[in-house]
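Peer 1: What follows is a predicted structure for the sequence shown.
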Amino acid sequence: MQRNNFLLFTSFVTVLLLSVACVKKKDPIRTNTKPVAKSNTFVTNTAEQKKTNNQKQYSIHKNTNNFAIIISGPSGVGKDTLAKELMFLNKDLKKSISSTTRQPRYNEVNGVDYHFISKESFQQYLQTGYFLETTSYSGNLYGTGVEEYNNAVKDGNNIIFVTDFSGMKNIRAKEYINTITVFIAPPSLKVLEARLKNRGTETVEQFNNRLRIAKQELNYAKEYDYVIYNCDINSATKILDALYLSEKFKRGL
């Protein structure tokens, strides 16, 4: 409670100062530390497949006291990193692990970052009503499972989604989910292009496709409650944390 009250008192000053500092910076500060590689193998989750075969009926946990913070932004802008930093600072915030048909990156772990499944399994889930929402991005399918959502919000936890504009609209349309939407923007397109290149996880065709989509996504920023420019990860994390604590306080959490 003391941390919440203190950060609430300073949140608006923090947001203002860090936003001004962000505008003045010409180049983002990127961390050089990379996670240890786990696997590049495409994984099909057999436990998840069993669920689809059972044709299970899914019920959604509805708790009007908690809320969801939805983070969107173009590929390479740092959405997942910011989400992890925010969860590290706030233990009452849980991530709903999405399912996806794309290949895992070198530093991603199945069941931790995403549930990496085949397109066939994804379609089976879709037919059974397992997904709370689905979206397609750069030729790959993404979906939020009902059970993943229920596990995240149980015990009164708040939940964080990392999704694109379409996914954000789908989640926000759910009457039983209170949402706060945050768009993460790069300092410039030039910086975003450099980040995507430095990531080195896409082919030339995939890179060009992601860059094309990123330019389109920047036009959606006005549809969000907040916009944070990720000039450097530390400043952006502090702004995001201040926003989260302020929203908690307004709800008496």
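Peer 2: Perfect, I can see it now.

Peer 1: So which helix or strand of this structure has the lowest pLDDT on average?
Peer 2: Here the helix or strand of the chain ranked lowest by mean pLDDT, DSSP states H and E is helix 46-53, holding a mean of 44.

Peer 1: quick check, residue 192 in a helix?
Peer 2: Yes: per DSSP: H, G, I helix; E, B strand; the rest coil, residue 192 lies within a helix segment.

Peer 1: Once you drop chain neighbours, what's closest to it?
Peer 2: Nearest residue to residue 192, sequence neighbours excluded (CB to CB, 6 or more residues apart in numbering): residue 186, at 3.9 Å. From N, CA and C alone the C-beta is placed, and that goes for glycine too.

Peer 1: Need the residue closest to the centroid of this structure.
Peer 2: Centrality entry for the chain: nearest residue to the mean C-alpha point is residue 162, 1.6 Å, by CA atoms, centre = their mean.

Peer 1: list the contacts for that residue?
Peer 2: The contact partners of residue 162, taken as CB atoms under 8 Å, 6 or more residues apart in numbering, are 71-72, 79-80, 83, 95, 98.

Peer 1: where do the strands sit along the stretch 151-253 of the chain?
Peer 2: Listed in chain order, the strands of the stretch 151-253 of the chain (DSSP state E, counting those that start in this stretch) span 158-162, 179-185, 226-229.

Peer 1: Within its sheet, name the partner strands of the first one and how each one runs.
Peer 2: Strand 158-162 has these partner strands in its sheet, going by DSSP bridges: strand 68-72 (parallel), strand 93-95 (parallel).

Peer 1: Out of those strands, which is closest to residue 135?
Peer 2: Closest to residue 135 of the strands paired with strand 158-162, according to CB to CB: strand 68-72, at 10.5 Å.

Peer 1: quick one, that closest one and strand 179-185 angle?
Peer 2: Strand 68-72 and strand 179-185 meet at an angle of 20 degrees, taking axes from the mean of the first three to the mean of the last three CA atoms, to 10 degrees as the criterion.

Peer 1: what does strand 68-72 rub up against?
Peer 2: Contact with strand 68-72 is made by 79, 82-83, 86, 93, 158-165, 167-168, 171-172, 177-184, 217, 220, 224, 244, 247, as judged by CB under 8 Å, 6+ apart.

Peer 1: and the helix or strand following that strand, average pLDDT?
Peer 2: Next helix or strand after strand 68-72 toward the C-terminus (DSSP states H and E): helix 79-89. On average, the pLDDT along helix 79-89 is 94.

Peer 1: what comes up buried for helix 79-89?
Peer 2: By 16 or more other CB atoms under 10 Å, the buried positions in helix 79-89 come out as 79, 81-83, 85-86, 89.

Peer 1: And the helices in the stretch 1-150 of the chain?
Peer 2: Along the stretch 1-150 of the chain, counting by DSSP state H, counting those that start in this stretch, helices occupy 2-24, 46-53, 79-89, 119-128, 146-153.

Peer 1: what's the distance between the closest residue to residue 177 other than its chain neighbours and residue 183?
Peer 2: Closest residue to residue 177 apart from its sequence neighbours, by CB to CB, 6+ apart: residue 68 at 5.2 Å. For residue 68, the distance to residue 183 (CB to CB, to the nearest Å) stands at 15 Å.
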